[in-house]
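Undergrad: The following block contains a protein sequence and its predicted model.
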Amino acid sequence: MNLNIDAQKDMTYDAIVVGSGISGGWAAKELTQKGLKVLMLERGRDIKHVEGYTTATNNPWEFPHRGRVTTQAAEEYWANMRTGYTANEEWRHHFENDSLNPYIEKRPMDWIRGYHVGGRSLMWGRQSYRHNEEDFMANLKDGIAVDWPIRYQDLAPWYTYVEGFAGISGSKDGLSVLPDGNYLPPMQMNCVEKEVKARVEKAFGKRHITMGRTAHLTDPKAIHTELGRAACQFRNQCMRGCPFGAYFSTQSATLPAAVATGRLTLRPDSIVAEVLYDDKKGVATGVRVIDQNTLQTRDYFAKIIFLNASAFGSTSILMNSKSSRFPNGMGNDSDQLGRNIMDHHLAVGASGDFEGMEDQYYYGRRANGVYIPRYRNWDGDKRDYLRGFGYQGGASRSGWNRGNGVEGFGADFKESLTKPGPWSMGIGGFGEVLPNPDNRMTLSPDKKDKWGLPQIIFDAAYGENEKKMRKDMMNDAVEMLEAAGLKNVKGYNDESKHLGIGIHEMGTARMGRDPKTSVLNKWNQIHAVKNVFVTDGAAMTSASCVNPSLTYMALTARAADFAVKAMKRKEI
Amino acid sequence: MNRRDALMRVATLVGATVALPALGHSAMADTLEASAAQRVATGKPVLFTADQDALVADLADVIIPTTNTPGAKAAKVNEIIDVVLKDCYKKADQQRFIDGLTQTQKMSQDAYGKTFSQLDGAQRTDIMKKLEADAKQQKADMARAVAGQQDVQIPAEKRNVTPFFSMLKDLTLMGYFTSEIGATQALEYVAIPGRYDGCVPLKPGQKAWAI
């Protein structure tokens, strides 16, 4: 490409952020607020806050198939179909058509993507927990993989910072396994949840049930309202996009904050093919972008680059960034790039019927549940597997759906279904997955996508540790619900799912202390390319059992702070 | 020609001024929603014949009749069943449903010498009870076939199917309780609750929340 100097200047920024999801939004916000001119690149289409949420205010009868998945969509969204909910009509347009975005499964991988401005911050589960002190020492103590290069104390102030801006509602419980944060008021438990909490905590001294900590504004502060955000309205239609900006997303929070600086350029439809590298200077110089609609390529330049394209996205970009210095992909001196795929394993737990409380109900739709923090391999407990799991769950009264499970039809049958049904409660586990170098992704040498970029080949699966843990996850769930007096308690352990089903993919460019065994250092810099930062799930050295997004936010804010200070010191 | 050159060449061929059609979403949404739009635009069923459509409306109204709130026919449940069957069910399932309608008319003719729509309320209920009993029997037979009972002769591909009555009931409940009439009259629908109260004593006559 013949670029004159002026044109190159137009394509030059202080920083480039690749990806506009949870971590990319944070990178753009932090870097622009610290004075940098930032280009944020998003591979997918633009979705404008509020006006872009096309189904947000639909009534149930306004969906052509009342939310059900059409056979055509089921075929096209083949990976999404494995989740059981992401292809639904209400929000399918926020997930990717898997047939248009193929990947190769040497072993199965449930890869659920959101290619648009805001990424999966628009559809995330919003559960927001801190890793605890032990999480950052677990690999060291267990002698597996590599040690985290940071400790809880390094990240704690950044957790506090991002919680304040994002707006996390939760209760402070004083549990070392689930460190307290900077919270807005918690949501309420319903009557049955309160009763089950009391009974479980009485029966098992060391197991606790708390309210889910979630990125919803229960009592918005000025820092939230000044961006146009309002309190949660308890519609529970979050994945359609929230017209109140009540949950944290790029659109509701980090994007308007970054735009307000006047220093952000957002460019949708821009697929980053590779990071450009200057062999002589030993630094990255920019990125090469393919327009997803026109297929035109264009280069952009910057002093620093933040990769926030999701774990597999950022990793595939680095793998595709080949140079004489990095023939196996940028930053891949350790051969760890693409390895150690982690997620949280789930689809295991129990549910049962709660008899009584028939005179009690609830008002509103709470997009949240209760949380049972990890208690296994904790505080003196020792199992035949490593690490642990937490549970998410909740109680409710059944609705008209129960009509399919009982015999009958006609007037009395109809009238019975218009009344609240019996109470039931379920809890589902989220278990930690160990890093395993054999769980990996590579780039296909011959299969390309429609943009000419190599397709990802996944070759990964759960290991023995996860399988052993799942027995406890099911049995403990049954045990707790039975101890709480529930009837007809049924456990389940669905082993048909694969890595990725938690939509918490992590670990493919891990942080570590030693460049020989890790991709990133303690500041999320690529060991050998100090002006490239990776602060999405790829950076994770171990998975913990808690939902990871809050940790990505904290890592990103911390890395951005370091990056700007290092730039001022002329170190990068 | 390496990959980068190939891309550049494609870009050149496409040209800066010729944008490709927008990818995916809008175009696809059109095809996926076409059936519902077509039904609204033409007023005609997209899968059923007119007779089948009328029969489904009558059958659904036996499952969810008008009481102190309007029933399935008033909520036009037949229309959503038509669209959902067309778009969300495989051909074999669609055919089983159509066969069930044919069978229902035959049962009606055999028992009363009339079409289902010509029957009185008690007769309609009687036919529906037979359909429900048939479905129960079919499920029991399938379970025994799966369990390897030698006396049940069911081909493998028909051992895990939803009987006609079960499909009809499922679609009727879904169609009714997600309709405007079902959600706002039979149930209580609050689009924007505004708050969450975890423990609320049930009021006399309190209806279940629609969603």
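TA: Thanks, I have the structure now.
Undergrad: Show me where chain B has its strands.
TA: With DSSP state E, the ranges of strands along chain B come out as B:197-201.
Undergrad: so where's it uncertain?
TA: B:1-33 (pLDDT under 70).
Undergrad: ok, now the stretch 201-350 of chain A?
TA: Those would be none, if you go by pLDDT under 70 across the stretch 201-350 of chain A.
Undergrad: where do the helices sit along it?
TA: Secondary structure of the stretch 201-350 of chain A by DSSP state H, counting those that start in this stretch: the helices cover A:222-225, A:255-260, A:311-319.
Undergrad: Deepest-packed of these, please.
TA: Stretch with highest mean neighbour count among the helices of the stretch 201-350 of chain A: helix A:311-319 (a mean of 27; mean count of other Cβ atoms under 10 Å in any protein chain shown). (Each C-beta comes from the backbone N, C-alpha and C, glycine too.)
Undergrad: quick one, the helix or strand where A:A198 lies and strand B:197-201 angle?
TA: Assigned by DSSP states H and E, A:A198 falls within helix A:191-203. Comparing the axes of helix A:191-203 and strand B:197-201 via axes from the mean of the first three to the mean of the last three Cα atoms, to 10 degrees yields an angle of 110 degrees.
Undergrad: starting at the chain centroid, how far to helix A:191-203?
TA: 29 Å (Cα atoms, centre = their mean, to the nearest Å).
Undergrad: Over to stretch A:310-326?
TA: That offset, for stretch A:310-326, works out to 21 Å (Cα atoms, centre = their mean).
Undergrad: the helices in the chain, which residues?
TA: Since no chain was named, I'll use chain A. Here chain A has its helices, by DSSP state H, at A:5-10, A:22-33, A:71-76, A:138-142, A:152-166, A:191-203, A:222-225, A:255-260, A:311-319, A:411-417, A:464-483, A:549-568.
Undergrad: Not quite, go with chain B.
TA: In chain B, the helices defined using DSSP H lie at B:3-14, B:25-32, B:34-42, B:50-63, B:77-88, B:91-112, B:121-146, B:164-177, B:180-181.
Undergrad: Output those helices in CSV; the columns should cover mean neighbour count and distance to chain A.
TA: Putting the helices of chain B into CSV (neighbours: other Cβ atoms under 10 Å in any protein chain shown; distance: least, Cβ to the nearest Cβ, whole Å) gives the following:
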stretch, mean neighbour count, distance to chain A
helix B:3-14, 14, 4
helix B:25-32, 14, 5
helix B:34-42, 15, 3
helix B:50-63, 21, 4
helix B:77-88, 24, 4
helix B:91-112, 15, 9
helix B:121-146, 16, 6
helix B:164-177, 24, 4
helix B:180-181, 18, 5
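Undergrad: Specify the stretch among those helices that is closest to A:N493.
TA: For the helices of chain B, the distance to A:N493 is smallest for helix B:121-146, at 21.0 Å, taking Cβ to Cβ.
Undergrad: Hey, what's the angle from that closest one to helix B:50-63? Just curious.
TA: Using the same axes, to 10 degrees: helix B:121-146 against helix B:50-63 is 90 degrees.
Undergrad: and the angle from helix B:121-146 to helix B:164-177?
TA: Per the same axes, to 10 degrees, the angle that helix B:121-146 makes with helix B:164-177 is 120 degrees.
Undergrad: Report how many residues lie close to A:K468.
TA: 14 (other Cβ atoms under 10 Å in any protein chain shown).
Undergrad: that older thread, right, so of the helices of chain B, which gets closest to A:E195?
TA: Short answer: helix B:164-177, nearest of the helices of chain B by Cβ to Cβ, at 28.6 Å.
Undergrad: before we move on, the earlier item: does the helix holding A:A198 pack against any helices or strands, and if so which?
TA: strand A:348-354, strand A:360-363, strand A:370-372, strand A:389-397, strand A:423-432, helix A:464-483, strand B:197-201 (3 or more Cβ pairs under 8 Å, 6 or more residues apart in numbering or on different chains; DSSP states H and E).
Undergrad: ok, A:Y462 - contacts?
TA: A:H345, A:V433, A:H498, A:L499 (Cβ atoms under 8 Å, 6 or more residues apart in numbering or on different chains).
Undergrad: again with A:K497
TA: A:R82, A:D110, A:H345, A:L346, A:A347.
Undergrad: Between these, identify the one with the most neighbours.
TA: Looking at these with neighbours defined as other Cβ under 10 Å, the largest count falls to A:H345 at 29 neighbours.
Undergrad: from what I can see that one touches A:G431, true?
TA: Yes: under the criterion of Cβ atoms under 8 Å, A:H345 makes contact with A:G431 at 4.7 Å.
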